[in-house]
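Q: just the structure for this:
(2 chains)
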Amino acid sequence: EIVLTQSPTTMTASPGEKVTITCRASSSVSYMHWYQQKPGASPKPWIYETSKLASGVPDRFSGSGSGTSYSLTINNMEAEDAATYYCQQWNYPSRTFGGGTKLELK
Amino acid sequence: EVQLVESGGGLVQPGASLKLSCVASGFTFSDYWMSWVRQTPGKTMEWIGDIKYDGSYTNYAPSLKNRFTISRDNAKSTLYLQMSNVRSEDTATYYCTRSIRGWFAYWGQGTLVTVSS
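A: Numbers count the residues shown, from 1 in each chain, chains lettered A, B, ... in the order given. I've put the predicted structure just below:
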């Protein structure tokens, strides 16, 4: 089973700041997917297949990476971006999630 | 609009069985793979398993395959999760999801299962 390690676990960012969340896989994966979750709500697909933005996701978000290292970047942090972000991979036959990164507004 | 509505959660005693349901609407249910994902109170996310659009194939997380069974009734647009011999560590919110290739494109609101005596 591939283990996904996210860093940092928790972070704060000021409005306008650039934010980068990293997800490292214990073995190489083809794609990484990202979800955003706010308190009391279900996770929402956010970035899929490494770099494609899900419907409705602002273009200040981007995803990149390959092999064992992937990242989610926010250019110009906004208050509404405060949430927990999870990475997820599918390497047949198993899917696994990272432990999450809680992003707070400073 | 795609909607996934889970039900069947609640308080259950250790060792008991429980069956969760997920009614889908807004899309042709029989065209899509479906999955279950759970989230513990500590916010850990765990994939449980997938089922092929026609129900002919299932795939489970290795740690759960002996106790959990996923099935579907395409005539009722309903996905099921049968949980047996539940343990305290099965306490979680259970989400029904629609899969697209390797990712979970749509999520239900979740149903909370609490395992406690």
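
Q: rest of the way, CA atoms for contacts and neighbours
A: Noted.

Q: just the C-alphas of stretch B:101-111, formatted as CSV.
A: This file holds the C-alpha atoms of stretch B:101-111, laid out as CSV (Å, rounded to 0.1, in the frame of the first residue of the first chain):
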residue,chain,number,x,y,z
ARG,B,101,-11.0,7.0,-13.1
GLY,B,102,-8.8,7.3,-10.0
TRP,B,103,-10.6,10.0,-8.1
PHE,B,104,-13.8,10.7,-6.2
ALA,B,105,-15.8,13.2,-8.2
TYR,B,106,-19.0,13.4,-6.1
TRP,B,107,-19.6,12.9,-2.4
GLY,B,108,-22.7,12.4,-0.3
GLN,B,109,-23.3,14.2,2.9
GLY,B,110,-22.1,11.2,4.9
THR,B,111,-23.7,9.1,7.6
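
Q: who touches it?
A: A:33, A:41-45, A:48-49, A:88-90, A:95, B:2-10, B:35, B:93-99 (CA atoms under 8 Å, 6 or more residues apart in numbering or on different chains).

Q: mind listing what's buried in it?
A: Neighbour-count burial for stretch B:101-111 flags B:102-111 (criterion: 16 or more other CA atoms under 10 Å in any protein chain shown).

Q: show me which residues of chain B sit near chain A.
A: Residues of chain B found near chain A (CA under 8 Å from any CA of the partner chain) are B:44-47, B:59-61, B:102-110.

Q: from these, which is closest to A:Glu1?
A: B:Ala61 (9.2 Å; CA to CA).
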